[in-house]
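Chemist: task: produce atomic coordinates for the following.
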Amino acid sequence: MRDLSQLRADMVENQIEARGIKSSLVLAALRKVPREAFISDRLREFAYEDSPLPIAAGQTISQPYIVALMTEALGLAGGEKILEIGTGSGYAAAVLGEIAAQVYTVERIGELAETASAALKALGYDNIHVLHADGSLGWPPEAPYDAIIVTAGGPEVPQSLKEQLKIGGRLVIPVGINPRAQELVRVTRLPGGAFKSEDLADVRFVPLIGNEGWSEENAPAPPEPGPARRRLAEADIVGAISVAAEPFGSIGEANLERLLERIGDAKIVLLGEASHGTAEFYLMRQRISQELIERKGFRFVAIEGDWPDVARLDHYVRHFEYPPSEWTAFARFPAWMWRNKEMRSFVDWLHAHNKNYAAPRRIAFYGLDLYSLYTSIGVILKYLDEVDPDSAKIARERYGCLTPWQSDPATYGRAASNGNLRNCEAEVVRMLEDIVRKQSDYTVHDGERFMDAMQNARLVSDAERYYRIMYQGSRASWNLRDNHMFETLKALLDFHGTDAKAIVWAHNSHIGNAAATEMAARGEFNIGQLCKGSFGDGAYAIGFGTHSGTVAAASSWDGVMEIKSVRPSLPQSYERLCHETGHPRFMLPLRAESAPRARAKLLTPHLERAIGVIYRPETERGSHYFQAVLPEQFDEYVWFDSTQAVTPFETKELEGLPDTYPFGL
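Modeler: Prediction:
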């Protein structure tokens, strides 16, 4: 962290005083007040850039120059009694508190009033008093005031505020019915009830909501920068991305040295994808995974795939002597997500890599997902038939509750959730408990196979619940699924020992930190957020993105796979900003120590695109874009300006067993 006190002094000299602020009291206050105390820790290093920064409740801390301009307009001599309307972060109140004897500040949003009050108290400002109330009405019991400052724009100057001024007192407020054309006005109270008004500057502020301001229903939308200013701002962001980006040619030629240095000693590397059907995402994940395995000792790969299906791949890549299963791996929709040539390339590489090592050092391959309820039941029964036939009989009785629904688990979930069918929760939970209780007996036969059986039993328990709650709303089922994936990941790390390191392949929406996206507002979390919460910087998340090309996707659930054209990214999206750099492929570090300027510029929320197994370009904005803060979502971002669809297996290719094992029929 750079010396913030020196940055503060530099800001006042180069951005405040140099732009014409002359009041020695205002300049001294700005030199003293620590702006970093009023923003989140993640933004501390940007505290002394002359720009607004995001705070809680969707608001911003004011630009330091605007704070200085409005404070100077009050004409303070020191020792006054001041009223501030719109406390926000509390920063401007602290600046006023350095000059005035007493500051009374009113904030409409309770959350902001509370956090600002705490920050001011922590800094020892006992002369600043915070009130949660309608600011347009002022703070009458403490009136009159020597000066009043309003940090939101009203359609006119509120009469209540004018009446709370002393004779000779000054009120500074943005006024205007058009938020794009407000005037900063100074009103001075004269003897005899008269007022003098002066226009100071053209400004843009959020609306003043309240009884003598705008109503919430009729308030104009907060001002957005005009086209020219927006283009300049976006050009600045594009420039910062371009400087920080590490371009590469082909995937095979990409130099990953600096990426590996940034990953450092991370225990988990999460590799994303912006769609489930893009070849470049699979191939780049393979390239990064190979380097992590060969050079950093990662022990296993876990993917967003069903446990028993991926177990079949694991048997192949680790050269196990288990006989091939009779069922087809990855046969359910969307089959192309894993049954494609790009995926087979990685599986074959793992198979060849593992041939050079003894069994304990071979790289394992696991599935994290929970959709394979009935396949998992079959695996458990087969295992128990071999190691504990008596328990196998009990298992058949308990899982029998679910067998009538084996071809359609969603119908079971619907019937159980609305009370038309007794649910099977007790039976599947008891079965899981029985298997766990007999761990010491079962592991004598084969620790790997016991772990596989136990994980399948855990999957059945979670999947049964998943299908029941999926009709209660997407949030509950999403959270259960990602929690299952996270708990599976933790169980695998425990199984492989304290030094184990894991690679995760899943969609951006799973591996990026959900707290940095609009998912959080819906009450959703994901495996990326859970990893950050448990492992901190030991979890390194890498997101992927593209501007245009083709993708393998369906138009509806259970629909046929199509090769679809990906529409060019929307303006005001992260994808469009990356496209504007002109680099066809690059890696972009996003942690502060690696790319501080790019990170700072990208912290403003933008749109981000997500294509799953379904792609509906005709409703792209509503179906596939969401708000996110990219540097909080990922630690790194890999960009491909143009991408191509994966190549699914054709049926005739699957007939050539054993060459196509383990994907074959």
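Chemist: so residue 235: helix, strand or coil?
Modeler: helix (DSSP: H, G, I helix; E, B strand; the rest coil).
Chemist: give me the domain ranges for the chain.
Modeler: What automatic domain parsing lists as the domains of the chain is 51-212, 236-369+501-654, 371-476.
Chemist: in a markdown table: those domains, plus mean neighbour count and mean pLDDT.
Modeler: Every C-beta, even on glycine, is put in place using the N, C-alpha and C of the backbone. Shown next, in a markdown table, are the domains of the chain (neighbours: other Cβ atoms under 10 Å; pLDDT from 0 to 100):
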| stretch | mean neighbour count | mean pLDDT |
| --- | --- | --- |
| domain 51-212 | 19 | 92 |
| domain 236-369+501-654 | 19 | 91 |
| domain 371-476 | 18 | 60 |
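Chemist: for residue 31, helix, strand, or coil?
Modeler: Going by three-state DSSP: residue 31 is helix.
Chemist: can you pull the contacts of it?
Modeler: Neighbouring residues of residue 31 by Cβ atoms under 8 Å, 6 or more residues apart in numbering: 8, 9, 12.
Chemist: got it, and residue 137?
Modeler: 158, 160, 210, 211, 212.
Chemist: and the residue lying closest to residue 573 once chain neighbours are set aside, how far from residue 235?
Modeler: Distance criterion Cβ to Cβ, 6 or more residues apart in numbering; nearest residue to residue 573, sequence neighbours excluded, is residue 607 at 3.9 Å. Computed as Cβ to Cβ, to the nearest Å, the residue 607 to residue 235 distance reads 18 Å.
Chemist: measure the residue nearest to the spatial centre of the chain to residue 46 for me?
Modeler: With distances taken as Cα atoms, centre = their mean, residue 516 lies nearest the centre of the chain, 3.1 Å away. From residue 516 across to residue 46, the span is 16 Å (Cβ to Cβ).
Chemist: ok so, going back, who's in contact with the residue nearest to the centre of the chain?
Modeler: The contact partners of residue 516, taken as Cβ under 8 Å, 6+ apart, are 628, 629, 630, 632, 633.
Chemist: can you put those in JSON lines and add distance to residue 257 and secondary structure?
Modeler: Output for the contacts of residue 516, formatted as JSON lines (distance: Cβ to Cβ, whole Å; DSSP: H, G, I helix; E, B strand; the rest coil):
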{"residue": "628", "distance to residue 257": "28", "secondary structure": "strand"}
{"residue": "629", "distance to residue 257": "28", "secondary structure": "coil"}
{"residue": "630", "distance to residue 257": "23", "secondary structure": "helix"}
{"residue": "632", "distance to residue 257": "26", "secondary structure": "helix"}
{"residue": "633", "distance to residue 257": "25", "secondary structure": "helix"}
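Chemist: kindly reformat those as a markdown table and extend each row with distance to residue 490.
Modeler: Formatted as a markdown table, the contacts of residue 516 follow (distance: Cβ to Cβ, whole Å):
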| residue | distance to residue 490 |
| --- | --- |
| 628 | 26 |
| 629 | 26 |
| 630 | 27 |
| 632 | 23 |
| 633 | 22 |
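Chemist: tell me the one of those residues nearest residue 251?
Modeler: Top of the list for closeness to residue 251, among the contacts of residue 516 and by Cβ to Cβ, is residue 630 at 22.0 Å.
Chemist: who are the contact partners of residue 274?
Modeler: Residues counted as contacts of residue 274 (Cβ under 8 Å, 6+ apart) are 281, 507, 508, 543, 544, 545, 546, 609, 610, 611.
Chemist: so which of those sit within strands?
Modeler: Among these, the residues falling in strands (DSSP state E) are 543, 544, 545, 546, 609.
Chemist: hey, where'd the strands end up in the stretch 401-550 of the chain?
Modeler: Assigned by DSSP state E, counting those that start in this stretch, the strands in the stretch 401-550 of the chain fall at 502-505, 539-553.
Chemist: which helices and strands does the first one pack with?
Modeler: Taking 3 or more Cβ pairs under 8 Å, 6 or more residues apart in numbering; DSSP states H and E as contact, the helices and strands that strand 502-505 lies on are strand 268-271, helix 279-296, strand 300-306, helix 474-496.
Chemist: okay, angle between the second one and strand 300-306 too, please.
Modeler: For helix 279-296 and strand 300-306, the angle between their directions (axes from the mean of the first three to the mean of the last three Cα atoms, to 10 degrees) works out to 150 degrees.
Chemist: tell me what angle helix 279-296 forms with strand 539-553.
Modeler: 150 degrees.
Chemist: for helix 279-296, enumerate the helices and strands it packs against.
Modeler: Judged by 3+ Cβ pairs under 8 Å, 6+ apart, helix 279-296 is in contact with helix 257-263, strand 268-271, helix 341-354, strand 502-505, strand 539-553, strand 636-643.
Chemist: what's the answer for the last one, then?
Modeler: If you count contacts as 3+ Cβ pairs under 8 Å, 6+ apart, helix 474-496 packs onto strand 300-306, strand 364-369, helix 447-469, strand 502-505, helix 527-535.
Chemist: hmm, try it at 10 Å
Modeler: When contacts are defined as 3 or more Cβ pairs under 10 Å, 6 or more residues apart in numbering; DSSP states H and E, helix 474-496 packs onto strand 268-271, strand 300-306, strand 364-369, helix 447-469, strand 502-505, helix 508-511, helix 527-535.
Chemist: how near is the nearest residue in space to residue 451 that is not next to it in sequence to residue 50?
Modeler: In space, and not counting its chain neighbours, residue 451 is closest to residue 495: 5.5 Å by Cβ to Cβ, 6+ apart. Between residue 495 and residue 50 the computed distance is 52 Å (Cβ to Cβ).
Chemist: now residue 494
Modeler: Distance from residue 494 to residue 50, by Cβ to Cβ: 49 Å.
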